[in-house]
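Asker: Here you go, sequence then predicted model.
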Amino acid sequence: MRSLITQGVKLLATGSAVPDLCITNQIISNIVDTSDEWIFDRTGIRERRIVSKGQSIIDLAVKAANKALIKAHLEPLDLDLIILATSTPNDLFGSASQLQLRLGALQAAAFDITAACSGFIIASVTAAQFIQNGTYSNVLVVGADVLSQWTNWSDRRTCILFGDGAGAAIFQATSVVNNNFLAFQLNTDGKQYNQLNISYKNTQQKQKVDFSDIGSFDSISMNGREVYKFAVSKIPQSIQFCLDSVHISIEKVDWLLLHQANIRILNAVAKRLMIPYAKVISNLSKYGNTSAASIPLALDEAIEEAKVSCGDLIVMSGFGAGLTWGTLILKWQD
């Protein structure tokens, strides 16, 4: 495979966007039997942002993408490819084309990737393949989800967890010697798909034909205990595999950026890898679990706050529905 790499990959710029509507734990405690203390102790979440009526996932994706384009000093017409990582499109056939249109990136191909909380990692790896084989030079990856629209707000197990948001990253071709995309690994365990899903359901509606049902989708269903066990077992293994593949020791890692699912998972993974928690990037308390948006949203904020410095080694891992998981190691060059 390495012989097919003709270009290196650079993470050029990031951007992010969240809705204005803030839902605190106190507000949720007025909906279901819970409290701010109970939620924070078990999840690390204080509040989350939720889209308002009339606000679309594409509104968030466009805002995040435009911020990244401005930082990258690129015009929309400079983009060759747009990949939208989302499991909550506003069109079941895909929403990337709407993002392309709204941005005015009419020279870019565009498609969706559906992989829930692993979506941004998988989309970024996909973008890198197109760049490394010489097909494209500028690729926009957007992770965006509005899980609030698929949440059962009477289910205390799930309604406390999820928020809405979008995060964007622009990957650009560079020389092979200046490659910042160091290693990756992607995995899937379909045997556990039902541990976290939004399942299809048939609805009994009268039709002119009797050989087809009108379908719809249920709300989020999650086995929290099994998802926790899966994450704290598989993610350290994936990270260690990637580090070993490029002969980098744990001590050389500057930042660990995990999917923002639960503070207990973040703590457990860092502990198993013996990475000091001071090296863990997290904004979970402010936004909750924003699915495909969580990693790019947290990365953009860390860069904006000058937490991440030029040359820093960042290990990013996503995990969730599928069950899927993946790790990506990048060096940040500002």
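Answerer: Yes, it's here.
Asker: And for residue 241, the neighbour number?
Answerer: 14 (other C-beta atoms under 10 Å). All C-beta spots, glycine's among them, are computed from the backbone N, C-alpha and C.
Asker: doesn't residue 185 make contact with it?
Answerer: Yes: proximity of residue 241 to residue 185 meets the contact threshold set by C-beta atoms under 8 Å, at 5.4 Å.
Asker: Overlap of the contact sets of these two?
Answerer: Applying C-beta atoms under 8 Å, 6 or more residues apart in numbering, one finds that residue 241 and residue 185 are jointly contacted by residue 327.
Asker: hmm, who's touching the helix or strand bottoming out on mean pLDDT in the chain?
Answerer: Scoring the helices and strands of the chain by mean pLDDT, DSSP states H and E places strand 200-203 at the bottom, with a mean of 74. With C-beta under 8 Å, 6+ apart as the test, strand 200-203 has contacts from 213, 214, 215, 216, 217, 218.
Asker: same thing with stretch 189-196?
Answerer: With contact meaning C-beta under 8 Å, 6+ apart, stretch 189-196 is reached by 116, 220-223, 226-227, 230, 320-324.
Asker: Distance from the chain centre to that stretch, please.
Answerer: 18 Å (C-alpha atoms, centre = their mean, to the nearest Å).
Asker: mind saving the C-alpha coords of that stretch as CSV?
Answerer: C-alpha atoms of stretch 189-196 as CSV (Å, rounded to 0.1, in the frame of the first residue of the first chain):
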residue,chain,number,x,y,z
ASP,A,189,-17.9,-5.7,15.3
GLY,A,190,-21.3,-6.2,13.7
LYS,A,191,-22.2,-8.9,16.3
GLN,A,192,-22.9,-6.0,18.7
TYR,A,193,-24.8,-3.7,16.4
ASN,A,194,-27.8,-3.7,18.7
GLN,A,195,-26.0,-2.4,21.7
LEU,A,196,-26.3,1.2,20.3
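Asker: pLDDT-wise, what's the bottom of the contacts of strand 200-203?
Answerer: Lowest pLDDT of the contacts of strand 200-203: residue 213, 64.
Asker: rewinding a little: which of the contacts of stretch 189-196 are buried, as a PyMOL select command?
Answerer: Buried residues within the contacts of stretch 189-196, by 16 or more other C-beta atoms under 10 Å, are selected in PyMOL with:
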select buried, resi 116+220+221+222+227+230+320+321+322+323+324
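Asker: with the contacts of stretch 189-196 in mind, which one is nearest to residue 8?
Answerer: Comparing these against residue 8 with C-beta to C-beta places residue 324 closest, at 26.3 Å.
Asker: And the helices in the stretch 51-200 of the chain?
Answerer: All helices of the stretch 51-200 of the chain, identified by DSSP state H, counting those that start in this stretch, fall at 57-72, 96-103, 119-132, 156-159.
Asker: What residues sit buried inside the shortest one?
Answerer: Residues of helix 156-159 classed as buried under the neighbour-count rule (16+ other C-beta under 10 Å) are 156, 158, 159.
Asker: just to revisit the earlier point, of all the helices of the stretch 51-200 of the chain, which one is nearest residue 286?
Answerer: Here helix 57-72 is closest among the helices of the stretch 51-200 of the chain (C-beta to C-beta), at 15.4 Å.
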